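Undergrad: Quick check, what structure comes out for this input:
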Amino acid sequence: MSINVILTEKEVLDTPNDAILGRLVRNKFWQARRDQEGPQYDDEHFGLTIGEDGLVKSINRPFTCSICGGDTSEIDYDYLVGYDHLGCLLKEEEVRPDAFDKCVICGKETPYLRSTHIDLREGYVEGGGQGCYQPNICEK
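TA: Sure thing, here's the model as predicted:
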């Protein structure tokens, strides 16, 4: 994946220093990525703060469980899987044992069922979760 960021001559000349110019380039990059990839990098999922000029001001991934929507910022990491509550994932697994596991890095669905034992999987990291079964296809 490649994203081209275009700066105008006016933007470069009107920027007082390199740090602010770097922030402008980064903002344009995130804006272009959000426009290209859609909702995956939208405000709701990635915690983007958009300024009055329409550019991304900050990126803070919220500590929110994707299953129940609860805050996970004060939860001990032993009870979390990524940003999700361990209990929520276990309940979901009880309801849907035939669901496919997702890569903990990029979120893509893997070819392994959640009920598949970890010794029979490729790309599983104990204590970390299921990664892409082929590292060269993981986008992150």
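
Undergrad: From here on, just use CA atoms for contacts and neighbour counts.
TA: Fine.

Undergrad: Which other helices and strands does the helix of greatest length in the chain contact?
TA: Secondary structure of the chain per DSSP state H: the longest helix is helix 18-37. If you count contacts as 3 or more C-alpha pairs under 8 Å, 6 or more residues apart in numbering; DSSP states H and E, helix 18-37 packs onto strand 56-59.

Undergrad: Each with direction, which strands does the helix or strand following the strand it packs on pair with?
TA: Using DSSP states H and E, the helix or strand that directly follows strand 56-59 along the chain is strand 80-81. According to DSSP bridges, strand 80-81 has the following sheet partners: strand 84-85 (antiparallel).

Undergrad: where does Gly129 fall, phi/psi-wise?
TA: phi 120, psi -170 (degrees, to the nearest 10).

Undergrad: so what's it closest to, chain neighbours aside?
TA: Val104 (6.2 Å; C-alpha to C-alpha, 6 or more residues apart in numbering).

Undergrad: What of Val12?
TA: Leu21 (7.0 Å).

Undergrad: so the one you found sits right up against Lys10, yeah?
TA: No - the pair Leu21 / Lys10 is not scored as a contact, 11.7 Å apart, by C-alpha atoms under 8 Å.
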